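Novice: below are the sequence and a predicted model; questions follow.
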Amino acid sequence: MNNQELWQRYQDWLYFHEGLGLYLDVSRMNFGDDLIGKLQPKFEQAFKAMDELEAGAIANPDENRRVGHYWLRDPELAPEELKGEIVATLEQIESFVEKVHEGIIRPPSAPQFTDILSIGIGGSSLGPKFVAKALVADFPPLNIHFIDNTDPDGMDQVLNRLKDRLCSTLCIVISKSGGTSETRNGLLEAKHAFHSQGLDFSRHAVAITMSGSQMDVAENCDNWLAKFAMFDWVGGRTSEMSSVGLLSAALLGIDIRSMLGGAQEMDKATRLPDIKRNPASLLALCWYHACHGDNGSKNMVILPYKDSLVLFSRYLQQLVMESLGKELDRDGKVVHEGITVYGNKGSTDQHAYVQQLREGLPDFFATFIEVLEDRKGPSIEIEPDFTSGDFLSGLLQGTRQALYDNQRESITITVPRVDTRCVGALIALYERAVGFYASLVNINAYHQPGVEAGKKAAADFLLLQKNILAVLKTTRQPLTLSALAEKIGVPDQVETIYKVVRHLSMNPRQIVLHGNLAKPVELSVSLGRQNNEEGNLILRKAS
Ligand SMILES: O=P(O)(O)OC[C@H]1O[C@H](O)[C@H](O)[C@@H](O)[C@@H]1O
């Protein structure tokens with residue numbers, strides 16, 4: 001197409017949401033005009049399924065669950081019996097936050113809370129992190145820190161930096177199921193850090209979990225400073241607008257009602273059963289074209305040209321890949337669906353992987369996110385008539401053009417600025433697009449059966465470790481790895497045993513490896529003293 005034709009295509013397909021000032025440009029996706037007609041029946045099904053979901057159907061049959069994240073921003077739409085708890089939880093959050101800000105709810109040994117330590121993983125971390133990065137003011141009422149892994153080094157880094165302010169740190173532990181081991185470990189490590197300083201953890205701790213969850217019961221969260229409900233009908237990856245995301249956002253001074261309002265406005269726009277005039281169905285159409293049609297399966301590269309949106313791609317990785325990455329369709333047929341999502345930000349990525357996007361594997365489509373307002377207030381001129389923001393804008397338009405010139409497709413979402421309404425709207429837009437796409441390809445977007453396999457294998461690994469330690473504790477002589485495997489009764493698991501003892505031997509766990517590390521088959525292992533005497537004897541216990 002020549003420039004004139006492209007300009008025409010741009011205008012023909014442009015979606016604009018007046019209230020949000022949001023543009024969606026799909027003109028650089030090369031689907032033909034006939035695609036809408038072709039997909040019309042599938043979309044009719046998708047709109048219908050979405051209506052049913054919002055009306056309270058069991059949209060996630062495998063887990064026998066309703067899917068209600070849309071009700072969070074419009075409780076009036078929720079089934080009668082749920083309205084009250086949505087409204088009450090929001091009010092509970094606001095009242096708690098107000099009291100924290102005013103110092104009415106305060107730590108026992110400091111006048112006010114200064115910091116938040118947020119512990120959670122997956123949906124219990126990605127949304128809060130994304131929103132904090134996107135919307136936090138330069139000088140927020142509290143500073144936020146995250147533990148989202150069971151990496152001891154990572155936890156030490158956070159806890160060491162917080163050491164002098166632990167007495168004024170509010171610890172929010174988030175786990176819908178309450179049974180996620182990484183979060184449990186983070187909680188126990190944080191608790192240990194508080195206790196080491198003589199601080200009463202329960203006076204600093206806030207729980208966000210389903211009532212009666214494993215964590216709720218084990219920790220007796222009712223005795224904590226506060227406990228906020230997490231609803232069974234809200235999935236982890238769509239929980240940003242529940243207490244999971246709203247509590248920390250409000251504590252940071254972010255206007256959560258406005259974020260909910262932005263999402264609600266987008267929800268209204270994405271309910272319209274008209275593919276071309278609904279931004280979420282337009283996105284789903286583009287994804288179908290790029291990922292499901294004759295073009296093979298393309299990856300989704302998310303490129304926001306704005307530093308504050310840098311975590312959007314990570315947020316979307318869970319939303320899109322956990323929702324759409326499925327082995328079976330709704331009829332039980334093997335389909336291996338999914339869309340790979342990656343990205344960081346422009347123009348930073350221009351100096352990293354855009355080379356491959358432009359000239360290498362044509363295995364992706366890009367989504368540019370353009371923000372029209374450069375900054376609050378005026379800019380200096382970097383060169384006569386040019387500001388830094390002009391360069392950012394030029395680099396976005398240039399990359400879009402350069403990709404298109406080399407037959408690389410792209411979508412562009414343009415927003416006026418990164419504010420609460422915009423962030424709420426972006427989250428809502430992608431949530432709905434994922435739901436539509438799942439309908440188009442006939443999969444359940446709301447379960448995640450594949451996640452369990454890794455957890456189960458990790459549990460087996462840890463059980464094996466337990467058995468190894470039990471044997472070594474009763475054996476005086478070093479054992480070869482195969483002898484150890486025999487003794488435990490798993491002769492075919494020498495490699496796993498090797499991995500366990502190699503890890504233990506590098507840590508103060510009194511496990512010693514003997515022999516040549518380059519020849520695992522010749523190694524033997526025993527319980528004993530390691531070189532680092534001091535470390536040997538310290539086995540920290542969770543309090
Ligand atoms: O909030 P939690 O129950 O701790 O779950 C945290 C995360 O872990 C799981 O593995 C799921 O796959 C995610 O969807 C979820 O967000």
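Specialist: Now that the structure is in, tell me what you want to look at. Numbers count the residues shown, from 1 in each chain.
Novice: need the residues of this protein near the ligand, please.
Specialist: Neighbours of the ligand within the chain, by CB under 6 Å from any ligand atom: 121-124, 175-177, 180, 183, 236-237, 322, 448, 451. For glycine as for every other residue, the C-beta is placed from the backbone atoms N, C-alpha and C.
Novice: what is the burial count for the residue of the stretch 151-300 of the chain found nearest the ligand?
Specialist: At 2.5 Å from the ligand, Gly236 is the closest residue in the stretch 151-300 of the chain, using CB to the nearest ligand atom. The number of residues packed around Gly236, counting by other CB atoms under 10 Å, is 27.
Novice: can you check Asn220 too?
Specialist: Neighbouring residues of Asn220 were enumerated by other CB under 10 Å; the total is 11.
Novice: Leu504 is in contact with Ile511, isn't it?
Specialist: Yes. Using CB atoms under 8 Å, Leu504 and Ile511 qualify as a contacting pair, with a distance of 4.0 Å.
Novice: and Thr367, backbone torsions?
Specialist: Torsion angles at Thr367 (phi, psi; degrees, to the nearest 10) stand at phi -120, psi 110.
Novice: surely it touches Thr414?
Specialist: No. At 11.5 Å, Thr367 and Thr414 do not qualify as touching, with contact defined as CB under 8 Å.
Novice: give me the more crowded residue out of the two.
Specialist: The residue with more neighbours, out of Thr367 and Thr414 and counting by other CB under 10 Å, is Thr367; that gives 24 against 17.
Novice: quick check: closest non-adjacent residue to the more buried one.
Specialist: Across the structure, with CB to CB, 6 or more residues apart in numbering as the measure, the residue nearest Thr367 apart from its sequence neighbours is Ile411 (4.7 Å).
Novice: that neighbour sits in which helix or strand?
Specialist: Under DSSP states H and E, the secondary-structure element containing Ile411 is strand 410-415.
Novice: just the C-alphas of the helix or strand just after that strand, formatted as CSV.
Specialist: Secondary structure here is assigned by DSSP H and E; on that basis, the next helix or strand after strand 410-415 toward the C-terminus is helix 420-440. Presented in CSV, the C-alpha positions along helix 420-440 are these (Å, rounded to 0.1, in the frame of the first residue of the first chain):
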residue,chain,number,x,y,z
THR,A,420,-5.3,6.4,37.0
ARG,A,421,-8.1,6.3,34.4
CYS,A,422,-5.8,5.3,31.6
VAL,A,423,-4.2,2.5,33.7
GLY,A,424,-7.6,1.2,34.7
ALA,A,425,-8.8,1.3,31.1
LEU,A,426,-5.7,-0.5,29.8
ILE,A,427,-6.1,-3.3,32.3
ALA,A,428,-9.8,-3.6,31.4
LEU,A,429,-9.1,-3.5,27.7
TYR,A,430,-6.7,-6.4,27.8
GLU,A,431,-8.8,-8.4,30.2
ARG,A,432,-11.7,-8.3,27.8
ALA,A,433,-9.6,-8.9,24.7
VAL,A,434,-8.2,-12.0,26.3
GLY,A,435,-11.7,-13.2,27.1
PHE,A,436,-12.8,-12.6,23.5
TYR,A,437,-9.8,-14.3,22.0
ALA,A,438,-10.3,-17.3,24.3
SER,A,439,-13.8,-17.6,22.9
LEU,A,440,-12.6,-17.3,19.3
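Novice: where does the stretch 1-150 of the chain have low pLDDT?
Specialist: Along the stretch 1-150 of the chain, segments meeting pLDDT under 70 are nowhere present.
Novice: helices along that one, start to end?
Specialist: Remark: helices assigned in the stretch 1-150 of the chain by DSSP state H, counting those that start in this stretch are 3-13, 34-54, 80-101, 126-135.
Novice: just say which of the ones you listed is most tucked in.
Specialist: Across those, averaging neighbours per residue (mean count of other CB atoms under 10 Å) puts helix 126-135 on top, at a mean of 24.
Novice: tell me what that helix is packed against?
Specialist: Contact analysis of helix 126-135 by 3 or more CB pairs under 8 Å, 6 or more residues apart in numbering; DSSP states H and E lists strand 143-147, helix 243-251, helix 312-316, helix 420-440 as its packing neighbours.
Novice: mind putting the ones you listed in TSV, mean neighbour count and distance to Lys519 included?
Specialist: Rendered in TSV, the data for those read as follows (neighbours: other CB atoms under 10 Å; distance: least, CB to CB, whole Å):
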stretch	mean neighbour count	distance to Lys519
strand 143-147	20	38
helix 243-251	27	49
helix 312-316	24	40
helix 420-440	25	49
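Novice: identify the residues contacting the residue most central in space within the chain.
Specialist: Against the mean C-alpha coordinate of the chain, by CA atoms, centre = their mean, the closest residue is Leu126 at 3.0 Å. Counting by CB atoms under 8 Å, 6 or more residues apart in numbering, Leu126 touches Arg237, Leu311, Arg314, Tyr315, Gln317, Gln318.
Novice: ok, back up a step: is it true that the residue nearest to Thr367 touches Leu24?
Specialist: Yes. Using CB under 8 Å as the test, Ile411 is close enough to Leu24 to be in contact (7.2 Å).
Novice: which parts of the stretch 101-250 of the chain are strands?
Specialist: According to DSSP state E, counting those that start in this stretch, the stretch 101-250 of the chain carries its strands in the segments 115-119, 143-147, 169-175, 205-209, 226-229.
Novice: just send those strands back as a markdown table, with distance to Gly245 too.
Specialist: Compiled in a markdown table, the strands of the stretch 101-250 of the chain are given as follows (distance: least, CB to CB, whole Å):
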| stretch | distance to Gly245 |
| --- | --- |
| strand 115-119 | 10 |
| strand 143-147 | 12 |
| strand 169-175 | 9 |
| strand 205-209 | 10 |
| strand 226-229 | 11 |
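Novice: burial count for Phe461?
Specialist: Each residue near Phe461 was counted by other CB under 10 Å, and the total is 13.
Novice: would you map the helices across the stretch 351-500 of the chain?
Specialist: Counting by DSSP H, counting those that start in this stretch, the segments of the stretch 351-500 of the chain that form helices are 354-359, 388-405, 420-440, 451-473, 481-488, 494-505.
Novice: which one of the ones you listed lies closest to Glu265?
Specialist: Distances from Glu265 to each of the helices of the stretch 351-500 of the chain were compared by CB to CB, and the smallest falls on helix 420-440, at 6.3 Å.
Novice: quick one: mean pLDDT for that closest one?
Specialist: Confidence over helix 420-440 (mean pLDDT, whole number) is 98.
Novice: cool, stretch 402-414 as well?
Specialist: Mean pLDDT, taken over the full extent of stretch 402-414, equals 97.
Novice: do stretch 387-395 as well
Specialist: 98.
Novice: contacts for that stretch?
Specialist: Taking CB under 8 Å, 6+ apart as the criterion, the residues outside stretch 387-395 that touch it are Tyr305, Gly346, Ser347, Gln350, Glu370, Asp374, Arg375, Ser379, Ile380, Glu381, Ile382.
Novice: mind running it again at 10 Å?
Specialist: Under the criterion CB atoms under 10 Å, 6 or more residues apart in numbering, residues 305-307, 346-348, 350, 354, 370-375, 378-383, 386, 398 lie in contact with stretch 387-395.
Novice: from those, which would you call buried?
Specialist: Buried positions within those, assessed by neighbour count (16 or more other CB atoms under 10 Å), are Tyr305, Lys306, Gly346, Ser347, Gln350, Val354, Glu370, Val371, Asp374.
Novice: how many neighbours does the residue nearest to Ser323 when sequence neighbours are not counted have?
Specialist: Residue nearest to Ser323 in three dimensions, not counting chain neighbours: Ala445, with 4.0 Å by CB to CB, 6+ apart. Neighbour count of Ala445, defined by other CB under 10 Å: 28.
Novice: quick check: Ala445 touching Asp329?
Specialist: No. Between Ala445 and Asp329 there is no contact, the gap being 11.4 Å when judged by CB atoms under 10 Å.
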